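>>> Compute the structure for the input listed below.
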Amino acid sequence: MSRKRHNEYRRQRQTSGSERSYHAYQVDVPAQGTTRADLIRLLRGGEDTYLELKLRFSNLAKLTAEIIALANTAGGAMIFGVNDQLRIEGVDDPENVVEELRGICSQQIQPPVFPYIRKVAFDSGRRIVVLEVDTENRPHRTLDDRFYIREGSHKREATREELSRLYQENHLHTPRTDSRLSLRPGSRHR
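Reported below is the predicted structural model:
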């Protein structure tokens, strides 16, 4: 990358409120080819609409809502093992974090999210976990029917209008229509 292009990229990454980092990163660097240097560059811009940073795996309900918000908005990444000062501290048991994340995505979210999850080790011995989600099969919801989206670096519940738009964008039926066309035992529609 030329110095001029690199400096422009850095300037855009540091512009608050811009929708810059994760999508530029996705286009420039395929997931399978992501290097530690790519991740460090991504972290420098901090959290935004497409990137959520976590020091540890903590509250199940909050993590579920964060994953849903990323998937319902524009896709993105959640990186575990990074503190509020954007320093990599690592996670103690990355294998456990990966298993917990898989469980959340398959059992706590409807329809399930199918993330790309990987562990990344640094020369210092610190290890982080990166979870990437796309917008496939959205809108996603919690088991108690709560829908979330992201605005900047924060999540919030989706409004009815936003939820309607998400369904329309993905050519899905509304939940009311889906429930009337149920194939459950005793249903009139088979």
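
>>> only C-alpha atoms for contact and neighbour calcs from this point on.
Will do.

>>> ok, and what's touching the top helix by length along the chain?
The longest helix of the chain (DSSP state H) is helix 60-73. Here helix 60-73 makes contact (CA atoms under 8 Å, 6 or more residues apart in numbering) with 49-50, 52, 57, 76-78, 104-105, 108-109, 113, 133-136, 138-142, 147-150, 155-156, 166.

>>> Go again with 7 Å.
Outside helix 60-73, the residues within contact range by CA atoms under 7 Å, 6 or more residues apart in numbering are 50, 76, 104, 108, 133-135, 138-141, 148-150, 155.

>>> and if you look at stretch 103-122?
The contact list for stretch 103-122 (CA under 7 Å, 6+ apart) reads 64, 94, 98, 127-133, 137, 140-143.

>>> Give me the distance between P112 and V133.
Using CA to CA, to the nearest Å, one gets 11 Å for the distance from P112 to V133.

>>> Residue ranges in this structure under the pLDDT threshold?
Across the chain, the ranges flagged by pLDDT under 70 are 1-34, 171-190.

>>> Please, where are all the strands along it?
51-54, 76-80, 109-110, 116-121, 127-133, 141-142, 148-151, 154-157 (DSSP state E).

>>> Now render those as JSON lines, adding distance to L39.
Below are those laid out as JSON lines (distance: least, CA to CA, whole Å):
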{"stretch": "strand 51-54", "distance to L39": "11"}
{"stretch": "strand 76-80", "distance to L39": "9"}
{"stretch": "strand 109-110", "distance to L39": "27"}
{"stretch": "strand 116-121", "distance to L39": "9"}
{"stretch": "strand 127-133", "distance to L39": "9"}
{"stretch": "strand 141-142", "distance to L39": "28"}
{"stretch": "strand 148-151", "distance to L39": "21"}
{"stretch": "strand 154-157", "distance to L39": "21"}
